[in-house]
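Novice: Test case, fold it:
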Amino acid sequence: MAKPARPRAPRAAKPAATKASPATTGGAAIPVIVETATIAGEEDAVFALRSLQQAHANNRRYDASDAELLHFYEQMVLIRRFEERAGQLYGLGLIGGFCHLYIGQEAVAVGVQSALKAGHDSVITGYRDHGHMLAYGIDPRLIMAELTGRAAGISRGKGGSMHMFSTDHKFFGGHGIVGAQVPLGAGLAFGHKYRDDGGVCVAYFGDGAANQGQVYETFNMAALWKLPILFVVENNGYAMGTAVKRGSAETHFYRRGTGFRIPGMDVNGMDVLEVRQATEVALDFIRAGNGPVLMELNTYRYRGHSMSDPAKYRSREEVQDMRDNHDPIEAARQELLKRGVTEERMKDIDKKIRQVVAEAADFAENSPEPAMPELYTDVLVGTY
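Specialist: The predicted model follows:
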């Protein structure tokens, strides 16, 4: 039997210790040489990869004022009620194509976006994009009009649910190709660095997209060039319908950037204050010129992958348990009650939000569809 090759020591390594350990193959013991080595500066690099997680662990939740927490609560309620109404309009046939609802994941968008500089930092995401736009303060009427394909929509009725866009708000989609937004996000980050404007790009993607090859190519370039980008994995547990443990060998997505020396953070995505605090830590690191951060936000979607998904791959009991015990809006509501905010005030907020969503739906239904000549606009930009 051929003697196994001795593991090659890393370049520029100084052996610190050598020991033999037995291994078996076909019942025969084979000596295996294991070397531990210390590389100059490696301990510092390893520490840097873990330091953000430690900083997050030391102070997990954002110290929000009552007014801030009320605002977060209001934004999450807006997303929830908006998405519920979108689901109703889809059922009535007023929204065509695919429609991916954000119900259950509200704390992610609100927690992250609230830490950004609106109109300065850029945001890019996948096709589950309504919540991110609402959290960025974009008019619900324009978003609902886009969902229903009306000329008044944020993308003139041409993008629909999956491809919304607003350069005025530095919101660059809404992308239907799984994972495609990640390299585009690196391009946006490169633009921030090239212009030296201090901006950061947030690139959202899901646990399913995390296995795309283009994601890792982007990690490599972003780390090499120290791009100002925050990679956010919204891990809702099921991708398009496959449980994480069945589709991913490494289920701790925040560790996916380790091979590219990108520090990772493991965050409870159902707690808006934890999301906000973790985002603050990540943004401070990035804005200081240290390059990208990978943040995994563990969250949960209550509905199927899209409106056409019956979600039979999980039990009703599982979904109900998440609603009853981990809902981000209810958690914020309970905290507000502890702070002395009255039940009546929160009922007034909910009533106001329902009115805003109703007006957005009416605006969309009463807006005209794009004129026929619009079929030929925005197909190509400029000349070649």
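
Novice: Give me the mean pLDDT for stretch 367-376.
Specialist: The predicted model assigns stretch 367-376 a mean pLDDT of 90.

Novice: whoops, I mixed them up, stretch 114-131
Specialist: Rounded to a whole number, the mean pLDDT of stretch 114-131 is 93.

Novice: Kindly check the end-to-end length of that stretch for me.
Specialist: Here the two ends of stretch 114-131 are set 13 Å apart, with distance taken as C-alpha to C-alpha, to the nearest Å.

Novice: With stretch 281-299 instead?
Specialist: When the termini of stretch 281-299 are compared using C-alpha to C-alpha, they are 19 Å apart.

Novice: chain center to it, what's the gap?
Specialist: Once both centres are worked out by C-alpha atoms, centre = their mean, to the nearest Å, stretch 281-299 turns out to sit 12 Å from its chain's centre.

Novice: Which parts of the stretch 251-384 of the chain are strands?
Specialist: If DSSP state E, counting those that start in this stretch is used as the criterion, the strands of the stretch 251-384 of the chain fall at 264-268, 293-298.

Novice: I'd like those laid out as TSV, including mean neighbour count and distance to Gly174.
Specialist: C-beta here means a position set from N, CA and C on the backbone, and glycine is covered the same way. Output for those, formatted as TSV (neighbours: other C-beta atoms under 10 Å; distance: least, C-beta to C-beta, whole Å):
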stretch	mean neighbour count	distance to Gly174
strand 264-268	22	24
strand 293-298	26	19
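
Novice: could I get those strands as a markdown table with mean pLDDT and distance to Leu336?
Specialist: Formatted as a markdown table, the entries for the strands of the stretch 251-384 of the chain read as follows, by pLDDT from 0 to 100; distance: least, C-beta to C-beta, whole Å:
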| stretch | mean pLDDT | distance to Leu336 |
| --- | --- | --- |
| strand 264-268 | 96 | 18 |
| strand 293-298 | 97 | 22 |
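
Novice: can you put the ones you listed in a markdown table and add distance to Leu78?
Specialist: Formatted as a markdown table, the strands of the stretch 251-384 of the chain follow (distance: least, C-beta to C-beta, whole Å):
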| stretch | distance to Leu78 |
| --- | --- |
| strand 264-268 | 22 |
| strand 293-298 | 19 |
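
Novice: Among the ones you listed, which comes closest to Met162?
Specialist: Within these, the stretch nearest Met162 is strand 293-298; the backing value is 20.7 Å (C-beta to C-beta).

Novice: And the closest one, what does it pack against?
Specialist: In this structure, strand 293-298 makes packing contacts with strand 229-235, strand 264-268, helix 272-285, judged by 3 or more C-beta pairs under 8 Å, 6 or more residues apart in numbering; DSSP states H and E.

Novice: and the second one with strand 293-298, angle?
Specialist: Just to be clear, that refers to strand 264-268. An angle of 20 degrees separates the directions of strand 264-268 and strand 293-298 when computed by axes from the mean of the first three to the mean of the last three C-alpha atoms, to 10 degrees.

Novice: picking up where we left off before, to Ile229, which of the strands of the stretch 251-384 of the chain lies closest?
Specialist: Comparing the strands of the stretch 251-384 of the chain against Ile229 with C-beta to C-beta, the closest turns out to be strand 293-298 (8.1 Å).

Novice: Pull up the pairing partners for that closest one, direction included.
Specialist: Sheet partners assigned to strand 293-298 using DSSP bridges are listed as strand 229-235 (parallel), strand 264-268 (parallel).

Novice: May I have the secondary structure class of His71?
Specialist: Each residue gets one of three states, and His71 gets helix by DSSP: H, G, I helix; E, B strand; the rest coil.

Novice: Spatially nearest residue to it (excluding sequence neighbours)?
Specialist: Using C-beta to C-beta, 6 or more residues apart in numbering and skipping residues adjacent in sequence, the residue nearest His71 is Ser114, 7.8 Å away.

Novice: How about Glu83?
Specialist: Glu83's closest residue in space is Leu101 (C-beta to C-beta, 6+ apart), at 4.5 Å.

Novice: What number of residues are in the vicinity of the one you found?
Specialist: Neighbour count for Leu101, taken as other C-beta atoms under 10 Å: 25.

Novice: Just the pLDDT at it, thanks.
Specialist: What the model reports as pLDDT for Leu101 is 93.

Novice: a helix runs through it, doesn't it?
Specialist: No: when classified by three-state DSSP, Leu101 is found to be coil rather than part of a helix.

Novice: hmm, back to that, let's have the strands paired with strand 293-298 in a markdown table, adding distance to Gly119.
Specialist: As requested, those are arranged in a markdown table below (distance: least, C-beta to C-beta, whole Å):
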| stretch | distance to Gly119 |
| --- | --- |
| strand 229-235 | 17 |
| strand 264-268 | 25 |
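
Novice: re the thing from before, you'd agree the residue nearest to His71 is up against Tyr73?
Specialist: No: using C-beta atoms under 8 Å, Ser114 and Tyr73 do not qualify as a contacting pair, with a distance of 11.7 Å.

Novice: Which stretches in this protein count as helices?
Specialist: With DSSP state H as the definition, the chain shows helices at residue ranges 42-58, 66-91, 106-113, 130-135, 140-147, 181-195, 213-224, 244-247, 272-285, 316-326, 328-338, 343-366.

Novice: Show the average pLDDT along the shortest one.
Specialist: So that's helix 244-247. Along helix 244-247, the predicted local confidence has a mean pLDDT of 90.
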